[in-house]
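**Student:** one predicted model, sequence on top.
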Amino acid sequence: MANAQAPHSTTGRYWPVPVLRAALTLVPAAAITFNADHSAEFGLLVFGAFALLSGLTVGLLSRRTLADPRERSLFVVQGAVGVAAGLLALLFHAGGLGFFLFLVSVWAVVTGFLELYSGIRARRRDPADRDWLLVGAVTALLAVIFLLLPPNAVVSVGLFGAYLVMLGVYLAIAGFSLKWSGTDAALALTASPNDSDTL
């Protein structure tokens, strides 16, 4: 009840954003999964393409679909960080394992905490709050795991691929859940006047 009455920071057009993010996440996940090359250079190329495209998606589409100006700003910054990290990874793809671990960790810490903070701010007043909380927490956790793991290219690139698979599947489910919950709410609103007439 409280969620239904609270003002939402997402508009009815927001649901394609997580779906598109899911698609942009599952493609590099498949590239890592079905490629025997798990070198740091390959990891930087895949991460660079993913971070650049997902950063553009988050930054540009969130400006049009988020109603709350502060959350809009947070996601624009998150998108800008993704674009910057993606460009660095693509430009310096021969930087080696240390650079891969450092860049992915910094990207995961910054974007993870920004999305986590957005989820905390939107808690109980927005249907996307739980999705932002979980995605932010898992992304920040990726940075912690990268910092704790012994440096190994195969393990690190494979772990990044596993993260992308989990994230992509979750974002797809989250996006379509938002779409269907919005459709159900709209049907309930259109049905309620008829119900009151029959009473």
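**Tutor:** On my side now, so go ahead.
**Student:** rest of the way, CA atoms for contacts and neighbours
**Tutor:** Noted.
**Student:** does Arg123 sit in a helix, a strand or a coil?
**Tutor:** Put simply, Arg123 is coil when judged by DSSP: H, G, I helix; E, B strand; the rest coil.
**Student:** could you report the neighbour count for the nearest residue to it once chain neighbours are set aside?
**Tutor:** In space, not counting the residues next to it along the chain, Arg123 is nearest to Asp129; the distance is 5.3 Å by C-alpha to C-alpha, 6 or more residues apart in numbering. Asp129: 22 surrounding residues under other C-alpha atoms under 10 Å.
**Student:** from what I can see Asp129 touches Tyr117, true?
**Tutor:** No - between Asp129 and Tyr117 there is no contact under C-alpha atoms under 8 Å: 9.8 Å.
**Student:** next, count neighbours for the residue nearest to Tyr163 when sequence neighbours are not counted.
**Tutor:** Nearest residue to Tyr163, sequence neighbours excluded (C-alpha to C-alpha, 6+ apart): Leu142, at 7.5 Å. Around Leu142 there are 21 other residues, counting by other C-alpha under 10 Å.
**Student:** who are the neighbours in contact with Leu142?
**Tutor:** Applying C-alpha atoms under 8 Å, 6 or more residues apart in numbering to Leu142 gives the contacts 105, 108, 160, 163.
**Student:** which ones among these lie within helices?
**Tutor:** Within these, residues falling in helices by DSSP state H are 105, 108, 160, 163.
**Student:** any idea how far Leu171 is from the second one?
**Tutor:** Ala108 sits 16 Å away from Leu171, taking C-alpha to C-alpha, to the nearest Å as the criterion.
**Student:** element containing the residue nearest to Tyr163?
**Tutor:** Assigned by DSSP states H and E, Leu142 belongs to helix 129-148.
**Student:** flag every buried residue along that helix.
**Tutor:** Within helix 129-148, the residues that qualify as buried are 129-143, 146, counting by 16 or more other C-alpha atoms under 10 Å.
**Student:** pLDDT weak spots in the chain?
**Tutor:** Counting by pLDDT under 70, the chain contains low-confidence ranges at 1-12, 124-128, 182-199.
**Student:** the helices in it, which residues?
**Tutor:** 2-5, 16-33, 40-65, 69-91, 96-121, 129-148, 153-198.
**Student:** mean neighbour count, those: which tops it?
**Tutor:** For the helices of the chain, the largest average neighbour count (mean count of other C-alpha atoms under 10 Å) is found in helix 40-65, namely a mean of 22.
**Student:** and it, what does it pack onto?
**Tutor:** If you count contacts as 3 or more C-alpha pairs under 8 Å, 6 or more residues apart in numbering; DSSP states H and E, helix 40-65 packs onto helix 16-33, helix 69-91, helix 96-121, helix 153-198.
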